[in-house]
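A.B. asks: Provided below for reference: sequence and predicted model.
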Amino acid sequence: MSATTTSNTDPRHPYPTPPQTINPDLAAERASAPFSPLRITHFLDGGSASLTDRRRRLEALIIRDTSGVFSNDDNHYLHRTERHTRALAKFVRLVELCRAAGIGSHPRPPALEGEITSTKEFQTLVATLSDDPLPTSLHWVMFVPNILTLCDAEQQSLWLPLCRDFKMIGCYAQTELGHGSNIRALETTATFLKEIDGGAEGGEWVVHSPTLTSAKFWPGTLGKTANHAMVIARLIDGEGIDRGIHNFLVPLRSMEDHSLLEGVETGDVGPKIGYNNMDNGFCRFDHVRIPRRNMAMRFATVDEEGVYRKVEGGASEAASKVAYITMMQVRAYIIHSSNEALAMACTIAIRYSTVRRQGYNADENDANNSPAEFQVLDYRQQQYRLLPLLAASYAIFFTGRHVLSRLNRIEQQLVSGAKSITKTVVGDIHATTSALKSYVTTFTADGIEDCRKACGGHGFLMCSGLVELSNTYLQSCTVEGDNQMLPQQVIKVLLKLVGVIQSGDEAALKDYEATDMQYLIQPLQSLMQSNNDISCDGPSKSTFSFPANTSESDFLSIPTLLQAYQHRTACLLLDVTTQLQTSLSDSHATQQKAWNDALLSMARASRAHACYILLRDFSDGLEEEKAKGSKSCLGPEEIQVLSQCLVLLGLYWMDQHLSDFLQIGVVSSKQIPVLRRALLRVMTDLRPSAVALCDARDFADFRLKSALGKYDGDVYPAIMEAARRDPLNVKSNEKGVGLGYEESLKKLIVDGVGEYRGKKNGGVSGTASRL
């Protein structure tokens, strides 16, 4: 097959750039794409070509850096100790590049003047490193945000400059060896010691780990990198009263030579499935003393006599949630970053499935008039595996953007003491982030693994890029709330809405009008009116269903799909309510047992809530771009292909979770063939756009780190190059003799250690006499 060449003026590649040889199958896909991938790239970058150019130039700082420290070529062959120390070197070099480029020096709020880690430019550069997370990352992900959110102005003025200059490098130490999600059960204590009782002038805190299970365990950056920690501990005031969980800034190591301070023991937790650049750590405190003012004092204080007080304006229930906002922010970042992780996996698998040919196509001949081989992507199974994942990556982008924006607004209003942020609003964003974090990370982790499997045997190679991508991402399913536990928190919030609707309290219902739960009000009211006895046996039946004579076009309608998903959540939520009420009234079960028995139903309802939000945000985002008209960088063709993604995802999830829709009566068994014909139709429509939708993500080969997902499609030389680079090959001698031959293998082949010697050769016959 002839090759296609293109010129490349991308600033991420060295100058002068020679013409790039492109695999002809990939070239044909790109030439026939019915839309402009670059327009979608501009949209993803914020809406303009200049923003795309700026991102690429920032990425070029990493990719074209002459120091060589950012190379990932030999990552697979390094021990985690080497990966960790090299990641530290990468971070130091990154800081040098940021300072040289003036990042963080433009006008900022006073508290963030000169701070680089809070800038979009820094986030772009960190993503470009395309390595396991940097050992320092919890410093800016959680430590600095905690200071900004929970510490008063005087504390910020003292600590933030040290953080800005990386003199103080911190982590967030909450999880303990014996407790994770249940923070009320944390055992670490911070006990106030008055000056008169032997404390320092003005009193001080004694931070202590009273048991083995109270040891902090798992916090990132804690093991060997951080010299300070924001420790979550039980506050025992001067009167000996346990005031619950509070935040304390605890020095761990000397800022002069990094040696551990008296009473502090820290270390790394050991090798993990992935994330091995990161020194997830453990820490025990043996009566460590810290100043009184090292307690975060924006919303609560303890004076020199040990008297505990809430700060005026900080005692409302909504304001008390500020401490939890940081965790919700991290969840929101996990949700949003999942779109890129899944998109990277799809890019690798779809490009490889386009280049890879397998099986003969009786309907097509090659240049020699012999049956041509199928492109793997033309198999329907492969399309069903990959195209919905690609569509989901875009849906997660829209939702991640929406959640981050909304959460930032709520945080700003909470910190300023705004009365408009009610308990209902705070509970709603908590339910949203919990549902999405649980579902999105599970779906993404499974999706990355499906992409790996879709690449066949070569997907098992580390050089595919998918193995490390999967192993690195897996922690997202557990960190910041285990995915199997979070649905309970979602349902607790949603059940309050059910209760308000049941009570008929119109004033209380108005609080829900600006929330993500608003879509449930009308379906729930309709269900309750049609099913007067909420405690009746049997599942709830939707008041909406596809018409008896439904056609493919009904299933291809976005408003109709959204309506189906609304009613699915409402019915499943009402079923949880019914199950709880029935258990408590009929079987006289305890509230705890009734709740436990309903957990599986809660998980289904939480999943339904997450799916609807993802589809709704995708739809709303596209409608917003349509409304902009010519001011949007997305034209009609780009909106059309993204709408196809939205429909495909809606149909795919309906097919995957068909039992939900059958149970509530939205779909009948006779309509399943129509649903699946519609699904096949939209896959056919989207197939010509698959490669271009991957290209729109604009991942440089440097980021993908994949022999299978290279932009030029030249996969087989890349696989062989990666194989030859393995130390088993590199360290063989000039005759190709590998490691271990002289020490071990030679004893078998040459020395005869395994040679059988029977009686006729003077040996022992068999092995029986030796046993």
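C.D. replies: Good, I have the coordinates. Residues are numbered from 1 along each chain as shown.
A.B. asks: any idea which residue sits dead centre in the chain?
C.D. replies: I334 (3.4 Å; Cα atoms, centre = their mean).
A.B. asks: skipping adjacent residues, who's closest to V269 in space?
C.D. replies: N280 (4.9 Å; Cβ to Cβ, 6 or more residues apart in numbering). Glycine gets a C-beta too; all of them are placed from N, C-alpha and C.
A.B. asks: rewinding a little: residue contacts, the residue nearest to the centre of the chain?
C.D. replies: I334 sits next to K437, V440, T441, S476, V479, E480 when contact means Cβ atoms under 8 Å, 6 or more residues apart in numbering.
A.B. asks: and which of these is nearest to A28?
C.D. replies: Checking those against A28 with Cβ to Cβ, the nearest one is V440 at 33.7 Å.
A.B. asks: which SS class is that closest one?
C.D. replies: helix (DSSP: H, G, I helix; E, B strand; the rest coil).
A.B. asks: neighbours of it, how many?
C.D. replies: The local packing of V440 (other Cβ atoms under 10 Å) involves 30 other residues.
A.B. asks: verify the stated contact: it with I335.
C.D. replies: Yes. Using Cβ atoms under 8 Å, V440 makes contact with I335 at a distance of 5.2 Å.
A.B. asks: anything in contact with each of the two?
C.D. replies: By Cβ under 8 Å, 6+ apart, V440 and I335 have these common neighbours: I396, T399.
A.B. asks: so which of the contacts of I334 comes closest to P110?
C.D. replies: E480 (29.9 Å).
A.B. asks: tally of neighbours for that closest one?
C.D. replies: Using other Cβ under 10 Å, E480 has 25 other residues around it.
A.B. asks: cool, N471 as well?
C.D. replies: Neighbour tally, N471, other Cβ under 10 Å: 17.
A.B. asks: which residues sit against the strand or helix carrying it?
C.D. replies: Element membership for N471 (DSSP states H and E) is helix 466-473. Residues from elsewhere that reach helix 466-473, judged by Cβ under 8 Å, 6+ apart: 75-76, 132-133, 273-275, 338, 341, 344-345, 348-349, 444-445, 448-449, 451-452, 455, 459-462, 705-706, 708.
A.B. asks: do the same with stretch 505-525
C.D. replies: Here stretch 505-525 has contacts from 422, 424-425, 428-429, 431-432, 493-494, 497-498, 500-501, 542-544, 566-567, 569-571, 573-574, 612-613, 616, using Cβ under 8 Å, 6+ apart.
A.B. asks: C-alpha coordinates for it, PDB please?
C.D. replies: C-alpha atoms of stretch 505-525 as PDB (Å, rounded to 0.1, in the frame of the first residue of the first chain):
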ATOM      1  CA  ASP A 505     -44.600  21.500  51.100                       C
ATOM      2  CA  GLU A 506     -44.400  23.900  48.200                       C
ATOM      3  CA  ALA A 507     -42.100  26.400  50.000                       C
ATOM      4  CA  ALA A 508     -39.600  23.600  50.700                       C
ATOM      5  CA  LEU A 509     -39.900  22.400  47.100                       C
ATOM      6  CA  LYS A 510     -38.800  25.800  45.700                       C
ATOM      7  CA  ASP A 511     -35.300  25.100  47.200                       C
ATOM      8  CA  TYR A 512     -34.900  22.300  44.700                       C
ATOM      9  CA  GLU A 513     -35.600  24.400  41.600                       C
ATOM     10  CA  ALA A 514     -32.000  25.400  41.100                       C
ATOM     11  CA  THR A 515     -30.500  22.000  41.800                       C
ATOM     12  CA  ASP A 516     -29.500  19.000  39.700                       C
ATOM     13  CA  MET A 517     -32.400  17.200  41.300                       C
ATOM     14  CA  GLN A 518     -35.000  19.500  39.800                       C
ATOM     15  CA  TYR A 519     -35.600  17.100  36.900                       C
ATOM     16  CA  LEU A 520     -37.100  14.600  39.300                       C
ATOM     17  CA  ILE A 521     -39.900  16.800  40.700                       C
ATOM     18  CA  GLN A 522     -42.400  16.400  37.800                       C
ATOM     19  CA  PRO A 523     -41.800  12.600  37.300                       C
ATOM     20  CA  LEU A 524     -42.000  11.900  41.000                       C
ATOM     21  CA  GLN A 525     -45.200  14.000  41.400                       C
END
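A.B. asks: from the chain's centre, how far out does that stretch sit?
C.D. replies: 29 Å (Cα atoms, centre = their mean, to the nearest Å).
A.B. asks: done for today, thanks.
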